[in-house]
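Chemist: Build the 3D model from these lines:
(one chain, ligands or ions: 1)
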Amino acid sequence: MANKTKIAVFASGNGSNFQAIADSAATGALQAEIMLVVTDRPQAYVMERAQQAGIPSFAFIPSAYESKQLYEEMLKEKLEQLNVEWIILAGYMRLIGPVLLEAFENRIINIHPSLLPAFPGKDAIGQTLAAGVETAGVTVHYVDAGMDTGKIIAQQSIAVRDRGREEVEEEIHEIEHRLYPATLQRLFAQ
Ligand code: GRF
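Modeler: Numbers count the residues shown, from 1 in each chain. Okay, the predicted model is just below:
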């Protein structure tokens with residue numbers, strides 16, 4: 001078996017993108033090993049998914065640390081102990097700070113449910129629909145210090161004209177679950 005890329009997945013919520021990545025890694029389509037799932041919300045459903053998939057997880061409470069620098073140093077040490085090469089954000093609701101950005105330079109990736117640079121930040125699907133544009137979509141991008149501002153790696157669009165939020169949301173998530181593992185595999189194979 002070819003070398004697998006060692007990754008950590010950071011998530012704060014449901015974890016359906018974590019699931020898609022884990023499923024793709026399990027079939028071998030994505031040549032990666034998830035060394036750790038990290039969450040800043042111990043009650044997040046992603047923790048249950050990790051347990052069911054038999055993948056180690058780690059929950060921390062940011063407010064228990066004096067600063068982002070301190071909890072990122074703690075995370076950095078953990079990830080380095082596990083020889084993690086890439087950090088994959090999947091619904092992680094915090095900005096990444098200088099400690100992790102420097103330790104994993106150009107090796108932190110995020111997925112966002114809009115056609116960036118349009119509609120960064122929270123509730124991107126709601127922002128897209130409220131703006132009345134005709135096209136929504138998904139972006140996979142490198143993470144920098146900004147909010148959804150890093151270099152774009154892959155995008156896929158869908159038509160949203162005259163469609164309800166639920167239907168659009170469902171299609172966006174379906175796209176995410178295919179696009180994210182496929183894009184990661186392309187990156188890791190480079
Ligand atoms: C996804 O829409 C992702 O694009 C965004 O947060 C959501 C996470 O969903 N960054 P899930 O927790 O992976 O189900």
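Chemist: What residues does this structure have near the ligand?
Modeler: 11, 13-17, 90-91, 111-113, 176 (CB under 6 Å from any ligand atom). Quick note: C-beta positions are derived from backbone N, CA and C, even for glycine.
Chemist: Identify, from the residues you listed, the entry nearest to L187.
Modeler: L187 lies nearest to I111 out of the residues of the chain next to the ligand, by CB to CB, at 12.5 Å.
Chemist: Pretty sure the closest one sits against G137.
Modeler: No: look at I111 against G137 with CB atoms under 8 Å: they stay out of range, at 11.2 Å.
Chemist: The residues of the chain next to the ligand in helices, which ones?
Modeler: Residues of the residues of the chain next to the ligand located in helices (DSSP state H): 16-17, 176.
Chemist: Turn the residues you listed into JSON lines, columns for pLDDT.
Modeler: Formatted as JSON lines, those follow (pLDDT from 0 to 100):
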{"residue": "S16", "pLDDT": "98"}
{"residue": "N17", "pLDDT": "98"}
{"residue": "E176", "pLDDT": "98"}
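Chemist: shared neighbours of I111 and G137, anything?
Modeler: Counting by CB atoms under 8 Å, 6 or more residues apart in numbering, I111 and G137 have no contacts in common.
Chemist: count of neighbours near the closest residue to F10 other than its chain neighbours?
Modeler: In space, and not counting its chain neighbours, F10 is closest to Y92: 3.9 Å by CB to CB, 6 or more residues apart in numbering. Around Y92 sit 21 other residues, with neighbours defined as other CB atoms under 10 Å.
Chemist: Quick one, grab the pLDDT at Y92.
Modeler: On pLDDT, Y92 comes in at 97.
Chemist: quick one, what contacts it?
Modeler: Counting by CB under 8 Å, 6+ apart, the residues that Y92 touches are 10-12, 38, 40, 110.
Chemist: All good on my end, thank you.
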